[in-house]
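> Everything below, folded, please.
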Amino acid sequence: MIRIAFIIFIINFRLFALAEDSLKTIYLVKQGWHTGILINLKDLDDNNIIKKEFQEFNFVDIGWGDSAFYQTPGFDFNLAFQALFFSSASTLRIQGYKNINNIDKAFEDSRKLMLNQRNFDNIKNFIDSSFYKKDNKIILYSTEAGNTIKFYKSNGNYSAYYTCNTWIADALRRGNFDIDSNVIVVEQLFKAIDKFK
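Just a heads-up that it's a prediction; the model follows:
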């Protein structure tokens, strides 16, 4: 009887360890006006668009927003107003990082999220579907900071009612997080995520 209990314990322990190993970690990060999803590139398939574009890096910070505002350094009030009410195009902003030793020091604010493979894949597929493709190829708008930041033409329409934070909430909903679709500002997004701690 003790042997059977011990064997069942070992089997359950190994199944638990396997389940823990299969969890993927992503981070919700904030830096200035930017909110993004930080992903370890080792968790992406070798044929993934982002992994191919950022193969010299270990992590990527992915965000989405108005094309003109997002690609302009600093804060431009006129572009911000235009983005909220007259946006003409959206962009994916992806920044590569070789190493991030301390997430809390690298970003103003962050939240760690653990996902099973299926939910991680759903978020990854949502991000991949945000790339605008012509003839099955992505379109690079511009680069910054020695090619560590790249802006790509994206699907979707930025507005006062659908912001970068709404886009991230949509991505996280694909990952089975129960978040309202009316998230507009970063405070709403982080408050919604905090209930999953």
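
> contacts and neighbour counts: CA atoms only from here.
Fine.

> Just grab the bridge partners of the nearest residue to residue 132 once chain neighbours are set aside for me.
Take residue 132 and drop its neighbours on the chain: the residue closest to it by C-alpha to C-alpha, 6 or more residues apart in numbering is residue 154, 4.5 Å away. Here residue 154 sits in beta bridges with residue 90, residue 131, going by DSSP bridges.

> Could you report the pLDDT at residue 154?
Note for residue 154: predicted pLDDT of 97.

> Now do the strands in this protein.
Along the chain, the segments classed as strands by DSSP state E run 24-31, 34-40, 59-66, 90-97, 109-115, 133-134, 137-138, 140-144, 149-154.

> how about those, which one is nearest residue 122?
Closest of the strands of the chain to residue 122 is strand 109-115, at 10.2 Å (criterion: C-alpha to C-alpha).

> got the buried residues for stretch 112-121?
113-116, 119-121 (16 or more other C-alpha atoms under 10 Å).

> In a markdown table: those, plus distance to residue 26.
Output for the buried residues of stretch 112-121, formatted as a markdown table (distance: C-alpha to C-alpha, whole Å):
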| residue | distance to residue 26 |
| --- | --- |
| 113 | 5 |
| 114 | 7 |
| 115 | 8 |
| 116 | 11 |
| 119 | 11 |
| 120 | 9 |
| 121 | 12 |
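
> Sketch out the low-pLDDT regions of this protein for me.
1-21, 197 (pLDDT under 70).

> Next, name the residue at the spatial heart of it.
Relative to the mean C-alpha position of the chain, the nearest C-alpha, by C-alpha atoms, centre = their mean, is the one of residue 37, at 2.4 Å.

> Could you pull out the helices in the protein for me?
Along the chain, the segments classed as helices by DSSP state H run 2-21, 49-53, 67-70, 77-86, 103-106, 117-130, 164-174, 186-194.

> quick one: which of the ones you listed is nearest residue 140?
helix 49-53 (10.4 Å).

> on contacts alone, who are the packing partners of the closest one?
Under the contact criterion of 3 or more C-alpha pairs under 8 Å, 6 or more residues apart in numbering; DSSP states H and E, the helices and strands touching helix 49-53 comprise an empty set.

> could you redo the last one with a cut-off of 10 Å?
strand 59-66, strand 90-97, helix 117-130 (3 or more C-alpha pairs under 10 Å, 6 or more residues apart in numbering; DSSP states H and E).

> could the ones you listed be laid out in a markdown table, adding distance to residue 72?
Below are these laid out as a markdown table (distance: least, C-alpha to C-alpha, whole Å):
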| stretch | distance to residue 72 |
| --- | --- |
| strand 59-66 | 10 |
| strand 90-97 | 12 |
| helix 117-130 | 21 |
